[in-house]
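Enquirer: the sequence and its predicted three-dimensional model are supplied below.
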Amino acid sequence: MNKAVSTSVVIVVAIALILVAVAGYYLATRSPIPEGTTTLPPSTVTTMTQTTTPVTTTTPVTTTTSALPPGAMPLPYNPSTKTVYLYISTWDNATLYNFNGTSDGELHLFIPAGWKVCVIYTNFEAIDHNFIIVKNTTAVPSCSIIPSSNIILYVGVSSSNYFDSGIASGASATGSIVLSPGYYWFACGYEDHAESGMWGVIECSSSITQPYYEVTNEEIEEEEEE
C-alpha cells in the first residue's frame with residue numbers, strides 16, 4: 001500500500017512539474033514584460049501634453065525707436081488691438097526682490113492711454129512673489145503697500161491673499177487691464193517685499209504713442225551730478 005501511495009505522489013508531482021513548465025513557456029513567449037521588470041505597463045497608455053498659445057506681437061513698420069526718448073527701449077505690442085505685453089520676471093541671479101533685475105523704482109513703463117496691458121509674470125527666485133498694479137497720484141510712489149482698494153490688478157494672487165501669498169519658483173501667472181491716464185506703480189504685494197525694493201513705475205498718457213520702458217539708476221545719476 002505504501003508503494004502505491006508513493007507511486008501516486010510521484011505521478012502527481014510529475015504532472016505538476018509539466019503544468020508549471022508549460023505555463024512558464026506560455027508566459028515567456030507571450031508576455032511583453034521583460035525579465036526583471038516588476039511594474040506592469042498599463043493596457044492603454046495615454047500621453048497628456050500641455051500646449052501654450054504663444055503671444056503674438058506686432059510692431060508696425062512705420063513705427064521706429066528713433067521717436068523714443070534717449071535710452072528708452074520699445075515694449076512688445078500689437079497696434080491693431082492696442083495691447084502691450086509686459087514680460088516681467090523676478091530673477092534669481094540679481095538683487096533679491098527685483099523685477100527684471102531692477103529694484104527701488106528703477107524700471108519705468110510708459111503706456112498709451114486706453115491700451116490694454118497684458119502682464120506675463122514669472123518668478124525665478126526661491127521664495128514666493130506676486131505682481132500687482134496700484135493706483136498712484138505721483139510719479140515716484142512710496143515703498144509701502146497701500147490699501148487693497150487702490151490695487152487694480154492682481155497677478156498670481158487675489159484681493160484676499162496678496163499680502164501673504166504668491167507663485168512659487170519657476171511658476172508663471174498672467175493678468176490684464178485697460179489703463180486710464182495717470183501714474184501707477186507695480187510691486188510685489190507680499191509682506192515687506194515692496195518695502196525691500198520690489199516695485200517700479202507705470203506712466204499712462206495720451207501723449208505716449210508707443211509703449212516703451214526706461215531703466216534709471218539714481219546712484220549713477222547722483223554721481224554724475226557730483
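Expert: That came through fine.

Enquirer: buried stuff in stretch 102-121?
Expert: Residues of stretch 102-121 classed as buried by neighbour count (16 or more other C-beta atoms under 10 Å): 102-112, 115-121. Where C-beta positions appear, they are placed from N, C-alpha and C, glycine not excepted.

Enquirer: and what of stretch 122-135?
Expert: So, applying 16+ other C-beta under 10 Å, buried residues of stretch 122-135: 122, 123, 125, 128, 129, 130, 131, 132, 133, 134.

Enquirer: then stretch 81-92?
Expert: 83, 84, 85, 86, 88, 89, 90, 91.

Enquirer: which of these lies closest to residue 193?
Expert: residue 90 (9.5 Å; C-beta to C-beta).

Enquirer: now the strands for this structure?
Expert: Assigned by DSSP state E, the strands in the chain fall at 73-74, 77-78, 83-90, 107-112, 116-123, 131-136, 151-155, 172-178, 182-187, 199-205, 212-215.

Enquirer: burial measure for residue 201, as a count.
Expert: 22 (other C-beta atoms under 10 Å).

Enquirer: domain ranges for this protein?
Expert: Structural domains assigned to the chain are 1-31, 71-225, following automatic domain parsing.

Enquirer: residue ranges with poor pLDDT in the protein?
Expert: 1-66, 137-147, 218-226 (pLDDT under 70).

Enquirer: again, only using 50
Expert: 3, 5, 20, 22-64, 219-226 (pLDDT under 50).

Enquirer: contacts only, for the residue nearest to residue 209 when sequence neighbours are not counted.
Expert: Counting by C-beta to C-beta, 6 or more residues apart in numbering, residue 209 lies nearest to residue 112, which is 6.1 Å off, once chain neighbours are set aside. By C-beta atoms under 8 Å, 6 or more residues apart in numbering, the contact set of residue 112 is 82, 84, 204, 205, 206, 208, 209, 210, 211.
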